[in-house]
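>>> here is my input, please return the structure:
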Amino acid sequence: MRAGALRAHLAALTLLVAACDGGAPRPAELDTRHESCRFCRMTVSERPFAAQVVAPGEEPVFFDDLGCLRDFLGSGGKLPTGATIFVADHRTGEWVSGATALYTEVPTLQTPMASHLVAHADVASRDADPTAAGGLPVAAAAIFGPSGAPGTP
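Numbering: from 1, shown residues only. Sure thing, here's the model as predicted:
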């Protein structure tokens with residue numbers, strides 16, 4: 001076997017092993033120019049309000065507004081086996097586990113689909129976000145149902 005072919009086989013094997021590592025699901029990259037919301041079909045153009053569902057062996061599913069994710073689940077939308085939900089921290093834009101995030105309703109805040117809901121990684125991030133000042137805490141169960149957000153924090 002030639003050295004070039006051997007390197008190509010080793011690279012392919014490395015990618016295969018990495019894809020099958022069995023670790024916890026990780027958030028996918030969001031393409032804000034092309035990704036559509038699973039519920040309303042609008043472009044997911046504003047990451048600070050976005051959410052996503054990832055599951056082993058499945059393409060990630062994005063939502064442009066926490067209200068769209070809530071309404072998707074409330075209307076009987078099914079999650080794949082092993083699904084994990086990630087939400088964007090409104091202040092930082094970083095993906096955080098939906099299971100551990102804090103949720104706030106800010107009536108004066110315009111969100112893509114007018115839910116007025118934002119998420120934060122923790123109290124420190126929420127308190128550092130001037131947009132969330134005066135907002136009302138929202139229990140995760142109000143968004144995800146009584147079982148809360150699926151996925152390991």
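>>> C-alpha from now on. contacts and neighbour counts both.
Noted.
>>> now the strands: where do they sit in the chain?
51-54, 61-63, 84-88, 95-97, 102-105, 117-120, 136-138 (DSSP state E).
>>> which of those sits closest to residue 24?
strand 84-88 (8.8 Å; CA to CA).
>>> and residue 150, which of the strands of the chain is closest to it?
Taking CA to CA, strand 84-88 is the member of the strands of the chain nearest to residue 150, at 5.4 Å.
>>> re the thing from before, turn the strands of the chain into CSV, including distance to residue 23, mean pLDDT and mean neighbour count.
Output for the strands of the chain, formatted as CSV (distance: least, CA to CA, whole Å; pLDDT from 0 to 100; neighbours: other CA atoms under 10 Å):
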stretch, distance to residue 23, mean pLDDT, mean neighbour count
strand 51-54, 13, 98, 26
strand 61-63, 19, 98, 25
strand 84-88, 12, 97, 28
strand 95-97, 15, 97, 24
strand 102-105, 24, 98, 22
strand 117-120, 24, 98, 29
strand 136-138, 30, 98, 14
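>>> same list (the ones you listed) but as a markdown table, adding distance to residue 74.
Formatted as a markdown table, the strands of the chain follow (distance: least, CA to CA, whole Å):
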| stretch | distance to residue 74 |
| --- | --- |
| strand 51-54 | 15 |
| strand 61-63 | 14 |
| strand 84-88 | 15 |
| strand 95-97 | 20 |
| strand 102-105 | 17 |
| strand 117-120 | 16 |
| strand 136-138 | 16 |
